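Asker: Predicted model and sequence follow; I will ask about them next.
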Amino acid sequence: MPASPTAVPPPLPGRPTSTQEAWVEDLCRHLFASFTRADHHLKGEQYLRGLLTAPGRKSIRNIARTLDDTGAAQRLHHFICNAPWSWRTVREALADYLIALTRPRSWVVRPMLIPKSGTNSVGVHRRFVPATGQLVNGQLAYGLWYAGQALNVPVDWSLHLPPPSAGLPVPDDDGVAQILELVQRAAKAAPGAAAPVIWDSQMRHAGEVMSALAPLGLPVMARTPGSLPLQLVDRGGRPTRRSALPAQRVLAAPERLGLQVHDVAPGVRAVLARVVPVRPGVGGLSGESGARGETGELMLYAQRYEDPEGREDRGGPGARADFWLTTPTRRSPADLHQYTRTAAYVARDSVRIGGRTGLRDFEGRSYEGWHRHMTLASVAYAVQSLTALDAVRAERGPHQRLRSVPRPYAYAPAQPYHASQQRAGGPPFTLVG
């Protein structure tokens, strides 16, 4: 039976009793159970504590300085880059640990760009960032985040490795394979009632990728550009006679299209519409009607924000607006808005907490070393988050509850994912890139 949500684990006899120390002790005991050597367990705990306490950049050198041992840097470097322990197994143990505390309300997949000044670190390449219109030199990682009622923690990572001959900037959709693997990991981690996957990575081909995920039986909500052409669908499931429109035009004039506008939060108005994505250059955008793409029916959830003066923002140039495609769902627009807020919390915390626990601080050419560092940095992230959650709950009192997140999607996929498929007939699913 799962433990009560985020109950503080009992401290070991004779050890400090602070909340953070209790989480460190308990996580090390559970997550390092696969280590076959006692010195690996010791170095893992030392590295974790260094990630939590080392000032400045969480490099191996700075972590070693916290131990006041002249030989610590070399030993920790070997432990991270060369020692034969499985970061895959530790990541699965971290996900299982969090699920045992409380089942996830959702999973969030998002990219993380790590700027680098040189080319010596593993996976460094030049990438075009659409949001800024700039070329950035650095690493591109994709993270899978567990998101509970009031807790989010990264539990898996994929590092994009461009082809050796790649001399041009990496295209925007180049990481689709990595994202698909992360979503598969979410499906296998918590079978049963499917928690939605919030795909916070703006992809031009989100509709096609969502179709590829359909056999997993996972409800998916994926961020998409406002320029994505869509064909509206009527209540009978037939395309309307209107020409295909970009998502931003659907949001700009919903009343003309017979769509209801919902006040989902103070200053936030949203539209929910049944749609079929249309491939760019096909059909409606050139004046023809009813051109379907290769995907089935989805739903467009689009939301716009009022400006600081309280005037309604009509979705014009420079407007604050979000566009998401979702699998068919009976959730209300207000619930879908809460899921977009979950993605925003993950984005915020990945900078705030991730900066304190070393998510962007690995320096080195070792691919295995990068993954081991990210694994332990994720454990440190969990310690920070669980400790902070305990502090909030203690301040609010034993009878206070944090703001709830909406219930899982009411979603009935045509090909549901069965619990019997989890880890059957082979080793646990892990990422390879």
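Answerer: On my side now, so go ahead.
Asker: where in the stretch 251-400 of the chain is pLDDT low?
Answerer: Low-confidence segments of the stretch 251-400 of the chain, defined by pLDDT under 70, span residues 279-295, 307-319, 397-400.
Asker: Do a quick rundown of the strands in it.
Answerer: 261-265, 268-277, 298-305, 321-326 (DSSP state E, counting those that start in this stretch).
Asker: pretty sure residue 35 contacts residue 85?
Answerer: Yes. Judged on Cβ atoms under 8 Å, residue 35 makes contact with residue 85 at a distance of 5.7 Å. Heads up, the C-betas are built off the backbone N, CA and C, glycines and all.
Asker: so what sits against both of the two?
Answerer: When contacts are counted by Cβ atoms under 8 Å, 6 or more residues apart in numbering, the set common to residue 35 and residue 85 consists of residue 44.
Asker: burial of residue 365, as a residue count?
Answerer: Each residue near residue 365 was counted by other Cβ atoms under 10 Å, and the total is 13.
Asker: if we can go back for a sec, among the strands of the stretch 251-400 of the chain, which is nearest residue 220?
Answerer: Comparing the strands of the stretch 251-400 of the chain by their distance to residue 220 (Cβ to Cβ), the top pick is strand 321-326, with 6.9 Å.
Asker: Check the offset of that closest one from the chain's centre.
Answerer: Using Cα atoms, centre = their mean, to the nearest Å, the mean C-alpha position of strand 321-326 is found 16 Å from that of the whole chain.
Asker: other SSEs contacting that strand?
Answerer: With contacts taken as 3 or more Cβ pairs under 8 Å, 6 or more residues apart in numbering; DSSP states H and E, strand 321-326 sits against helix 206-213, strand 220-223, helix 247-252, strand 298-305, helix 333-357.
Asker: can you list the residues that contact the shortest one?
Answerer: Contacts of strand 220-223 from elsewhere in the structure, counted by Cβ under 8 Å, 6+ apart, are 183, 196-203, 206, 209-210, 213, 301, 322-327, 336, 339-340, 343.
Asker: following it, which helix or strand shows up next?
Answerer: Next along the chain after strand 220-223, taking DSSP states H and E as the criterion, comes strand 229-232.
Asker: Adjacent strands (with direction) for that following strand?
Answerer: Paired with strand 229-232 in the same sheet, following DSSP bridges, are strand 245-246 (antiparallel), strand 268-277 (antiparallel).
Asker: Which of these has the highest mean neighbour count?
Answerer: With neighbours taken as mean count of other Cβ atoms under 10 Å, the strands paired with strand 229-232 reach their highest mean count in strand 268-277, at a mean of 23.
Asker: Can you check what angle separates the longest helix that the chain contains from helix 333-357?
Answerer: Using DSSP state H, we find that the single longest helix of the chain is helix 367-396. If you take axes from the mean of the first three to the mean of the last three Cα atoms, to 10 degrees, helix 367-396 sits at 110 degrees to helix 333-357.
Asker: Name the residues of helix 367-396 that are buried.
Answerer: 368-390, 393 (16 or more other Cβ atoms under 10 Å).
Asker: do the same with stretch 223-230
Answerer: In terms of neighbour count (16+ other Cβ under 10 Å), stretch 223-230 has its buried residues at 223, 224, 226, 228, 229, 230.
Asker: The fourth one - nearest residue in space that isn't next to it in sequence?
Answerer: In other words, residue 228. For residue 228, ignoring the flanking residues on the chain, the nearest one in space by Cβ to Cβ, 6 or more residues apart in numbering is residue 247 at 5.0 Å.
Asker: any idea how far residue 52 is from that neighbour?
Answerer: As defined by Cβ to Cβ, to the nearest Å, residue 247 lies at a distance of 43 Å from residue 52.
Asker: In terms of neighbours, single out the busier of the two.
Answerer: Counted by other Cβ under 10 Å, residue 247 and residue 52 do not tie: residue 247 has more neighbours, with 26 against 21.
Asker: Now do the contacts for that one.
Answerer: With Cβ under 8 Å, 6+ apart as the criterion, the residues that contact residue 247 are 224, 225, 226, 227, 228, 230, 300, 302, 323.
Asker: What's the local residue count around the last one?
Answerer: Using other Cβ under 10 Å as the criterion, residue 323 is surrounded by 26 other residues.
Asker: Pretty sure residue 140 sits against residue 126.
Answerer: No. Here residue 140 does not reach residue 126: they are 10.3 Å apart, not a contact under Cβ under 8 Å.
Asker: quick one: which of these two has more around it?
Answerer: Set residue 140 next to residue 126 and count neighbours by other Cβ under 10 Å: residue 140 wins out with 23 against 15.
Asker: Validate this expectation: that one resides in a helix.
Answerer: No. Read with DSSP: H, G, I helix; E, B strand; the rest coil, residue 140 is strand and lies in no helix.
Asker: and the gap between the closest residue to it other than its chain neighbours and residue 19?
Answerer: In space, residue 140 comes closest to residue 160 once its chain neighbours are excluded; the distance is 4.3 Å by Cβ to Cβ, 6+ apart. In this view, residue 160 and residue 19 are 36 Å apart by Cβ to Cβ.
Asker: swap in residue 99?
Answerer: For residue 99, the distance to residue 19 equals 21 Å [Cβ to Cβ].
Asker: Then residue 64?
Answerer: 26 Å.
Asker: quick one, which of these two is more surrounded?
Answerer: For the pair residue 64 and residue 19, the greater number of neighbours falls to residue 64 (22 against 18), based on other Cβ under 10 Å.
Asker: Spit out the contact partners of that one.
Answerer: By Cβ under 8 Å, 6+ apart, the contact list for residue 64 reads 50, 72, 73, 76.
Asker: Apply 10 Å and report the result again.
Answerer: Counting by Cβ atoms under 10 Å, 6 or more residues apart in numbering, residue 64 touches 46, 47, 50, 54, 70, 71, 72, 73, 74, 75, 76, 77.
Asker: gap between it and residue 264?
Answerer: The span separating residue 64 from residue 264 equals 49 Å under the rule Cβ to Cβ.
Asker: Now do the same contact list for residue 345.
Answerer: Contacts here follow Cβ under 10 Å, 6+ apart; on that basis residue 345 touches 108, 145, 147, 150, 151, 152, 405.
Asker: If we use 8 Å, what do you get?
Answerer: For residue 345, the set of contacting residues under the criterion of Cβ under 8 Å, 6+ apart consists of 147, 152.
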